[in-house]
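> My questions are about this predicted structure, shown below with the sequence.
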Amino acid sequence: MSQKFDVVVIGAGPGGYVAAIKAAQLGLKTACIEKYQGKEGKTALGGTCLNVGCIPSKALLDSSYKFHEAHESFKVHGISTGDVAIDVPTMVARKDQIVKNLTGGVAALLKANGVTLFEGHGKLLAGKQVEVAKLDGSTEVLAAENVILASGSKPVDIPPAPVDQDIIVDSTGALDFQDVPKRLGVIGAGVIGLELGSVWARLGAEVTVIEALDKFLPAADEQVAKEAQKILGKQGLNIRLGARVTGSKIEGREVTVNFTDANGEQQQTFDKLIVAVGRRPVTTDLLAADSGVNLDERGFIFVDDYCATSVPGVYAIGDVVRGAMLAHKASEEGVVVAERIAGHKAQLNYDLIPSVIYTHPEIAWVGKSEQVLKSEGVEVNVGTFPFAASGRAMAANDTAGFVKVIADAKTDRVLGVHVIGPSAAELVQQGAIGMEFGTSAEDLGLMVFSHPTLSEALHEAALAVNGHAIHVANRKKR
Ligand code: FAD
Ligand code: AMP
């Protein structure tokens, strides 16, 4: 007799483990299946995000930024340190310890919430049955009222630069370098390429980012993207746009990359090459031929606005379905699906999912960019406030960038908040909270913001929308 569950979740990334915890909290008998084996050869929960994504990349970004500050900026504060050195293995080991603590924490949370964990590979069969191929080689079939597929994504490979996880690495390999490469190539100027490129550039690598598109950060507001390109360029990232990689050759301990750009064929040699050209959904051996679940034309599991697949009672969430490949999007989809299974009328506001690039300064936004709103024919008022005019930013010696608030010219409703600057991710979240409640720029302007804070830049940008900024000359007069 197979074990029966109200909900079986395949995958314990930020989509799957959150869905499982939420389902259990709602009184549903829940199982979660995870196959990933971490560095210690044991099942590690938390998916890409905790093991080889969000968290380890931020750990290295924070370490490398501290090194950079000590090296470059302490003297401005009158602090002298003598020689500052980086011990890369210690930095990487600190990252590994954080990952270990967090993945262990997820296991404890599943247990505390009464979720049954199965260690192995899950596969959806017909009739909402799920086969688990366990680590010991045995298999078990679970019967489920509902199944949530949360198998995530993995890096895209490109034939011109095959990953060997030694000289040519993907994002996972780039989190484990044991020393600083002298010459580092990065293919792809997306979020992951820029973040990982920044880590190693701060530690002294000469970094070249090779990007096929002519436009830098096309999803960001153009004003922000322009500023970002300028600032990151000054930091030493050599960003080559309109450059498509066509081949690579490893010789000894170096790799020569061929690419074409506006000037024709180019070649550059690196000690390490990171391939960061995007991620693709993981559906290998996930669905039996007669499971009834359909994929879309790009290989993602096809779902409706509520994450329901083509089979009633089977849902899919996170990176394996359409939409932004972000941990918070995966988790909130998990919550929505668990609640809908429990009979609630939950839904996700896909219009207000914040995006963040954790470079320094950070780049973050929520809602629409000025160029998108204009292309849609929406008349807007725009307010900006530079961190160069923020007392708090000056005190922190961190004045690059600005806050930009975009509001509907007719209703004053805020339609986008875009920030490049210190703590951009946290500031944008304030905009997201306001926008979820339908805030106008005037509403934000009427609120009291603590002084001196970086948040005041959001206040002033909101005031500037209608020509009311106090601490900067207004573009628009009242
Ligand atoms: P995943 O996290 O990929 O988890 C899926 C899990 O399912 C995996 O553990 C996998 O082993 C398991 N699995 C797959 N198939 C099966 C099967 N058949 N049986 C059993 N188990 C299975 N996002 C952010 O929001 N912020 C960031 O700062 C950020 N930084 C990132 C940095 C890097 C370097 C990378 C690579 C990604 C980053 N992301 C970030 C993206 C984020 O990691 C993903 O969006 C997120 O992990 C998606 O969650 P998920 O649960 O859908 O899938
Ligand atoms: P993202 O999908 O945001 O992670 O970004 C990946 C980036 O890699 C995109 O901007 C792509 O244009 C870029 N890219 C993909 N293939 C190539 C290639 N062969 N050469 C250079 N850049 C590429």
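Sure thing, it's come through. What you see is a predicted model, and the numbers here were worked out from it, not measured in a lab. Ligands and ions are numbered 1, 2, ... in the order given.
> Report the closest residue of the stretch 201-350 of the chain relative to ligand 1.
Here the stretch 201-350 of the chain gets closest to ligand 1 at one residue, Gly318, 2.1 Å apart by C-beta to the nearest ligand atom. C-beta: built from backbone N, CA, C; applies to glycine.
> Compute the number of surrounding residues for that residue.
34 (other C-beta atoms under 10 Å).
> Also the one 3 residues further on?
Here the number of neighbours of Val321 (other C-beta under 10 Å) works out to 24.
> And it, how far from Ser171?
Val321 is 21 Å from Ser171, where distance means C-beta to C-beta, to the nearest Å.
> next one: Val335
Taking C-beta to C-beta, one finds Val335 at 26 Å from Ser171.
> residues from the protein in reach of ligand 1?
Contacts of the chain with ligand 1, taken as C-beta under 6 Å from any ligand atom, map to 10-16, 33-36, 47-49, 53-54, 57, 121-122, 150-153, 171, 192, 282, 286, 318-319, 325-328, 330, 358.
> How much space separates the residue of the stretch 201-350 of the chain closest to ligand 1 from Asn238?
Distance, Gly318 to Asn238, by C-beta to C-beta: 34 Å.
> Okay, now the unreliable bits of the chain?
Counting by pLDDT under 70, the ranges of the chain that qualify are 476-478.
> Where is the longest strand in it?
strand 139-149 (DSSP state E).
> Report the contact partners of the closest residue to ligand 2 within the stretch 151-300 of the chain.
For the stretch 151-300 of the chain, the residue closest to ligand 2 is Gly190, as judged by C-beta to the nearest ligand atom, at 2.3 Å. Residues near Gly190 by C-beta atoms under 8 Å, 6 or more residues apart in numbering: 276-278.
> Close to ligand 2: what parts of the stretch 251-400 of the chain are there?
276-278.
> got a winner among those residues for most neighbours?
Ala276 (25 neighbours).
> Relative to Lys4, how far out is the residue most central in space within the chain?
By C-alpha atoms, centre = their mean, the mean C-alpha position of the chain lies nearest to Leu326, the distance being 4.7 Å. Distance from Leu326 to Lys4, counting by C-beta to C-beta: 33 Å.
> For stretch 263-275, list the C-alpha coordinates in PDB.
Provided in PDB are the C-alpha atoms of stretch 263-275 (Å, rounded to 0.1, in the frame of the first residue of the first chain):
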ATOM      1  CA  ASN A 263      34.900  45.500 -35.200                       C
ATOM      2  CA  GLY A 264      34.800  41.900 -36.400                       C
ATOM      3  CA  GLU A 265      36.600  38.900 -34.900                       C
ATOM      4  CA  GLN A 266      38.100  39.300 -31.500                       C
ATOM      5  CA  GLN A 267      40.200  37.100 -29.200                       C
ATOM      6  CA  GLN A 268      41.000  37.400 -25.500                       C
ATOM      7  CA  THR A 269      42.800  35.100 -23.100                       C
ATOM      8  CA  PHE A 270      41.700  34.500 -19.500                       C
ATOM      9  CA  ASP A 271      42.800  32.400 -16.500                       C
ATOM     10  CA  LYS A 272      39.100  31.600 -15.700                       C
ATOM     11  CA  LEU A 273      36.000  32.000 -17.700                       C
ATOM     12  CA  ILE A 274      32.500  32.200 -16.200                       C
ATOM     13  CA  VAL A 275      29.600  31.300 -18.400                       C
END
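> Buried residues in that stretch, which are they?
Buried residues in stretch 263-275, counted by 16 or more other C-beta atoms under 10 Å: 268, 270-275.
> and what of stretch 281-296?
281-283, 286-287, 291-293, 295.
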